[in-house]
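Chemist: next come a sequence and a model predicted from it.
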Amino acid sequence: MKVIDASAFIDSVSHGERGPALGLHLEDDLFAPDLLVSEVLAFLRRKLQQGKLTQAEADDLVQRFRRAPIEYLHTWPYAEQIWQWRHTMTAYDATYVALAADLGATLVTSDLRLARAAAGLVPVIAV
């Protein structure tokens, strides 16, 4: 069982250099906080506005995102834990870590800062 963060998901679908390595880690049941939806769509919007993605590429990535076999969980139940970790990580990052801790899952991320902050709290795969 794995919790995937936005950085790992984006790398896995965008054909980046980390994509193939991430694919090896995304074969288990995948979970994510509902926060993932906003983070991925905000990233795609930003890349589209910067001219780094065409409209067709962005639309394709949105469709791939919609089809991804991820089970989304609400973040509110983790509010207290997220707040407790406010000194060591952002609320966004703490959301992924809190979900992984609650599920007994491994966190998959491409964000090395998040991987360092989560080390010792949950198992982490940093790609």
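Modeler: That came through, no problem.
Chemist: and the lowest mean pLDDT element among the helices and strands of this structure?
Modeler: Lowest on mean pLDDT, DSSP states H and E among the helices and strands of the chain sits helix 19-23, with a mean of 50.
Chemist: ok, which stretches of this structure are helices?
Modeler: 6-13, 19-23, 35-49, 55-67, 79-84, 91-103, 112-118 (DSSP state H).
Chemist: for this structure, give me the ranges with low pLDDT.
Modeler: When residues are selected by pLDDT under 70, those of the chain lie in 15-28.
Chemist: quick one on the thing from earlier: could the helices of the chain be laid out in TSV, adding distance to residue 125 and mean neighbour count?
Modeler: C-beta here means a position set from N, CA and C on the backbone, and glycine is covered the same way. Listed next are the helices of the chain as TSV, based on distance: least, CB to CB, whole Å; neighbours: other CB atoms under 10 Å:
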stretch	distance to residue 125	mean neighbour count
helix 6-13	8	23
helix 19-23	9	15
helix 35-49	16	16
helix 55-67	20	13
helix 79-84	21	14
helix 91-103	11	22
helix 112-118	8	18
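Chemist: and those as JSON lines, adding distance to residue 126?
Modeler: Listed next are those as JSON lines, based on distance: least, CB to CB, whole Å:
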{"stretch": "helix 6-13", "distance to residue 126": "9"}
{"stretch": "helix 19-23", "distance to residue 126": "10"}
{"stretch": "helix 35-49", "distance to residue 126": "18"}
{"stretch": "helix 55-67", "distance to residue 126": "22"}
{"stretch": "helix 79-84", "distance to residue 126": "21"}
{"stretch": "helix 91-103", "distance to residue 126": "13"}
{"stretch": "helix 112-118", "distance to residue 126": "4"}
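Chemist: which one, of those helices, ends up nearest to residue 127?
Modeler: Between residue 127 and those, the shortest separation by CB to CB is 4.9 Å, and it involves helix 19-23.
Chemist: what about the residue most central in space within the chain, distance to residue 95?
Modeler: Most central residue of the chain, judged by C-alpha distance to the mean C-alpha position with CA atoms, centre = their mean, is residue 5 at 1.2 Å. The spacing between residue 5 and residue 95, counted by CB to CB, to the nearest Å, is 9 Å.
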